[in-house]
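Asker: here is a sequence with its predicted model. Questions after.
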Amino acid sequence: MKILSAKQIKQADKLTIEKQGISSTELMERAATLVFDEIHKRLQAAPIPVKIFCGIGNNGGDGLVVGRQLIEAGYDVTIYIVNYSDQRSPDFLVNYDRVKNLSKNWPVLLKADDDLPQIKYGDFVVDAIFGVGLNRPLPGWVAGLVKHINASGAFMLAIDMPSGLMADAAVENMESVIRASYTISFQVPKMAFYLPGTAPFVGDLQILDIGLDPEFIKDAPAAAELIGKAEARALYKPRQRFTHKGTYGHALIIGGSYGKIGSVCLTATAALRAGAGLVTVYAPKCGYDILQTALPEAMVITDLHNEILTNIEFDLDPDVIAFGVGVGTKEETVEAFEQLLKKYKKPMVIDADGLNIFSKNGDLLELLPEGSILTPHPKELERLIGPWKDDFEKLDKARAFTKKHKVILLIKGTYTFTVTPNDLFINTTGNPGMATAGSGDVLTGVLSALVAQGYEPLRATILGVYLHGKAGDIAAERFSYEGVVAGDIAKNTGAAIFDLFETQKTNYS
Ligand SMILES: NC(=O)C1=CN([C@@H]2O[C@H](COP(=O)(O)OP(=O)(O)OC[C@H]3O[C@@H](n4cnc5c(N)ncnc54)[C@H](O)[C@@H]3O)[C@@H](O)[C@H]2O)[C@@H](O)CC1
Ligand SMILES: [K+]
């Protein structure tokens, strides 16, 4: 599913009105009626006080339509107009009149010096102050109102966007953004819903199809692509019958050090579970018995050194090399890695200390094969690309890095981002249970297995990140968030592949 910018959404809005021969007021009625339906479905006419805060633009117009329909359905509704300017939009005005004609309880006008309205814990608040039109920080008194609404602890439903959030820019003042419990947004998701600095304001997310022009949406260049089940399924390559283990590639996992052999065990397990035909682990000698005992399916080659890697030499032709998990950053290991980079020319998967080695030895990046996949978590990313002032700058820097080094860069997080010079993919699977030791080692194994099986690196990355998250979701259903360990994620990779073909609707939140 595409993410579009606020500017593109406005264009879609305009074009829809032209092509469908409807007025903007009718489009507003259509969109807001769908929001009313969702609220009504949930509240079931319960006598809960509903307090709707409307701005004076079209987001406020939506709030007025919802308010009118709730009043007509018999709800106890108070509408507040957050009167921050006299530039009221035409559709706001149409709906302002309609509400006034309907009930003696006219909307309450709120201005800069007014007392703040009382909001109780049990109220149902609808936030329709600003939507995608917000393009600068809130006026001071409106920021104060937002703070007051947030402090109420009431359930908050945001229409289109939590007010104070901008679709395509970072938040400057965290206190002046509505902390929505639930956001109902129109047609396409917005970038701010997925970035760590802004996503927490959104709460649970629902995207409503309001019938904006499908052709425009199909042709519009996406700011990013959300990857749900349908997108992941399209990337999957079914196995053919007349094949053998050689068809599915040989993954070589290089890593581990004394006390960290578990990391390569996890990576190799995941590589096997994600379908690599053959898996060999290259580890220090101390890992030999452990690996052979834990993983009879994997082959093991050992370094000359007992505890760290010092001479990476092997007599095989792997389809992919994963380097870095548990490997440490000792000088001898860096030297061995440099020698490997000079010899090996196919895409590699680089994780953990492999990334830390690059951070400390930037010139080695020149040797990294084109199309390699780097999988940093935020701290490792910062060491690689330097600090950033906000999520948007982080993405710009990450993009520049991928361009310079011709690699694919993951930014791991609640929503893992796959960054390439021209495209951005945002994964939607995964859960807080995956914040556990070794979870990243498993991802490295899954990605390596897919590359070994002949998936092009970008396709392998997008699908691999999805499957890893889904395997974590399946594990969490069984063991709870707290109970998930990395090995469970690896073991459920197969179940995640099965799940690609379950026909439930994709949830993009
Ligand atoms: N795009 C669509 O397809 C549809 C949009 N609709 C609604 O329309 C909304 C967008 O409406 P608008 O474009 O009127 O924008 P908003 O209602 O979000 O904001 C109103 C106006 O306030 C001004 N403004 C921006 N930042 C400000 C600030 N910090 N202080 C003071 N004024 C500021 C801008 O001129 C902006 O247009 C959407 O979020 C959605 O709720 C729906 O009615 C139906 C369809
Ligand atoms: K809003």
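Answerer: Yep, that arrived. Numbers count the residues shown, from 1 in each chain. Ligands and ions are numbered 1, 2, ... in the order given.
Asker: what does stretch 332-346 rub up against?
Answerer: Residues from elsewhere that reach stretch 332-346 (C-beta atoms under 8 Å, 6 or more residues apart in numbering): 254, 257, 303, 305, 308-312, 318-321, 323, 327, 353-354, 357, 360-361, 364, 367-369. The way it works is simple: take the backbone N, C-alpha and C, and place the C-beta from them, glycine included.
Asker: buried sites along that stretch?
Answerer: Along stretch 332-346, these residues count as buried under the neighbour rule (16 or more other C-beta atoms under 10 Å): 333-334, 336-337, 340-341, 344.
Asker: same deal with stretch 407-425?
Answerer: Neighbour count says stretch 407-425 has 407-420, 423-425 buried, by 16+ other C-beta under 10 Å.
Asker: equivalent analysis for stretch 238-253, please.
Answerer: Buried residues in stretch 238-253, counting neighbours by 16+ other C-beta under 10 Å, are found at 248-253.
Asker: endpoints of that stretch, how far apart?
Answerer: The straight-line separation of the ends of stretch 238-253 (C-alpha to C-alpha, to the nearest Å) is 24 Å.
Asker: what's the spacing between it and its chain's center?
Answerer: 31 Å (C-alpha atoms, centre = their mean, to the nearest Å).
Asker: now stretch 192-202
Answerer: Distance, centroid of stretch 192-202 to centroid of chain: 9 Å (C-alpha atoms, centre = their mean).
Asker: okay, how far is it across it, tip to tip?
Answerer: End-to-end span of stretch 192-202 (C-alpha to C-alpha): 9 Å.
Asker: one more: stretch 383-398?
Answerer: End-to-end span of stretch 383-398 (C-alpha to C-alpha): 12 Å.
Asker: quick one: distance of it to the chain centre.
Answerer: Worked out by C-alpha atoms, centre = their mean, stretch 383-398 lies 16 Å from the chain centre.
Asker: buried sites along that stretch?
Answerer: Neighbour-count burial for stretch 383-398 flags 384-385, 388, 391-392, 394-395, 397-398 (criterion: 16+ other C-beta under 10 Å).
Asker: likewise stretch 214-233?
Answerer: By neighbour count with 16+ other C-beta under 10 Å, stretch 214-233 contains the buried residues 216-217, 220, 222-229, 231-233.
Asker: where does this protein dip in pLDDT?
Answerer: In the predicted model, the chain carries pLDDT under 70 at residues 504-509.
Asker: got the residues of the stretch 101-250 of the chain near ligand 1?
Answerer: Contact residues (C-beta under 6 Å from any ligand atom) of the stretch 101-250 of the chain with ligand 1: 130-139, 159-160, 186, 212.
Asker: right, I mislabeled it, should have said the chain
Answerer: When proximity is defined by C-beta under 6 Å from any ligand atom, the chain lies next to ligand 1 at 9, 13, 27-28, 31, 55, 57-62, 84-85, 89, 130-139, 159-160, 186, 212.
Asker: next, count neighbours for residue 103.
Answerer: For residue 103, the count of nearby residues is 14 (other C-beta atoms under 10 Å).
Asker: so who does residue 382 touch?
Answerer: Contacts for residue 382 (C-beta under 8 Å, 6+ apart) come out as residue 388.
Asker: just to be sure, it is in a helix?
Answerer: Yes - secondary structure of residue 382 (DSSP: H, G, I helix; E, B strand; the rest coil): part of a helix.
Asker: what's the distance between it and residue 62?
Answerer: According to C-beta to C-beta, to the nearest Å, residue 382 and residue 62 sit 39 Å apart.
Asker: same thing with residue 427?
Answerer: As judged by C-beta to C-beta, residue 427 and residue 62 stand 30 Å apart.
Asker: next: residue 324.
Answerer: 49 Å.
Asker: next one: residue 209
Answerer: In terms of C-beta to C-beta, residue 209 sits 16 Å off from residue 62.
Asker: who has more neighbours out of these two?
Answerer: For residue 209 versus residue 62, neighbours defined as other C-beta under 10 Å are more numerous around residue 62 (30 against 11).
Asker: would it be right to say that the more buried one lies in a strand?
Answerer: No - judged by three-state DSSP, residue 62 forms no part of a strand; its state is helix.
Asker: pretty sure it contacts residue 28?
Answerer: Yes - applying C-beta atoms under 8 Å as the test, residue 62 and residue 28 come out as touching, 6.2 Å apart.
Asker: list the residues that contact the residue nearest the centre of the chain.
Answerer: In the chain, the residue lying closest to the centroid (C-alpha atoms, centre = their mean) is residue 415, at 2.6 Å. Counting by C-beta under 8 Å, 6+ apart, residue 415 makes contact with 194-195, 199, 426-428, 430.
Asker: figure out the helix or strand that it lives in.
Answerer: Residue 415 is part of no helix or strand when elements are defined by DSSP states H and E.
Asker: what about residue 226, which helix or strand?
Answerer: Assignment of secondary structure by DSSP H and E places residue 226 within strand 224-227.
Asker: the longest helix anywhere in the chain: which residues count as buried?
Answerer: Determined from DSSP state H, the single longest helix within the chain is helix 457-483. Neighbour-count burial for helix 457-483 flags 457-476 (criterion: 16+ other C-beta under 10 Å).
Asker: elements contacting whichever helix or strand comes after that helix?
Answerer: As assigned by DSSP H and E, the chain's next helix or strand after helix 457-483 is helix 486-491. Here helix 486-491 touches helix 261-273, helix 439-452, helix 457-483, going by 3 or more C-beta pairs under 8 Å, 6 or more residues apart in numbering; DSSP states H and E.
Asker: helices and strands around the shortest one, which ones?
Answerer: If I follow you right, that is helix 261-273. Judged by 3+ C-beta pairs under 8 Å, 6+ apart, the packing partners of helix 261-273 are strand 250-254, strand 278-283, helix 288-294, helix 439-452, helix 486-491, helix 493-499.
Asker: determine which stretch of the ones you listed is the most buried.
Answerer: Mean neighbour count (mean count of other C-beta atoms under 10 Å) peaks for helix 439-452 among the helices and strands packed on helix 261-273, with a mean of 30.
Asker: run the angle between it and helix 457-483 for me.
Answerer: Comparing the axes of helix 439-452 and helix 457-483 via axes from the mean of the first three to the mean of the last three C-alpha atoms, to 10 degrees yields an angle of 150 degrees.
Asker: figure out how far helix 439-452 is from the centre of its chain.
Answerer: 19 Å.
Asker: how far off helix 261-273 does that helix point, in degrees?
Answerer: Going by the same axes, to 10 degrees, helix 439-452 makes 40 degrees with helix 261-273.
Asker: check which helices and strands helix 439-452 sits against.
Answerer: On a contact count with 3+ C-beta pairs under 8 Å, 6+ apart, helix 439-452 meets strand 250-254, helix 261-273, strand 320-323, strand 348-350, helix 457-483, helix 486-491.
Asker: can I get that helix in PDB, CA atoms only?
Answerer: Output of helix 439-452 as PDB, limited to C-alpha atoms (Å, rounded to 0.1, in the frame of the first residue of the first chain):
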ATOM      1  CA  SER A 439      16.200 -11.500  17.200                       C
ATOM      2  CA  GLY A 440      18.500  -9.700  14.800                       C
ATOM      3  CA  ASP A 441      20.700 -12.800  14.400                       C
ATOM      4  CA  VAL A 442      17.600 -14.600  13.200                       C
ATOM      5  CA  LEU A 443      16.700 -11.900  10.700                       C
ATOM      6  CA  THR A 444      20.300 -12.200   9.300                       C
ATOM      7  CA  GLY A 445      19.600 -15.900   8.800                       C
ATOM      8  CA  VAL A 446      16.300 -15.400   7.100                       C
ATOM      9  CA  LEU A 447      17.700 -12.800   4.700                       C
ATOM     10  CA  SER A 448      20.800 -15.000   3.900                       C
ATOM     11  CA  ALA A 449      18.500 -17.900   3.100                       C
ATOM     12  CA  LEU A 450      16.400 -15.900   0.700                       C
ATOM     13  CA  VAL A 451      19.500 -14.500  -1.100                       C
ATOM     14  CA  ALA A 452      20.900 -18.100  -1.200                       C
END
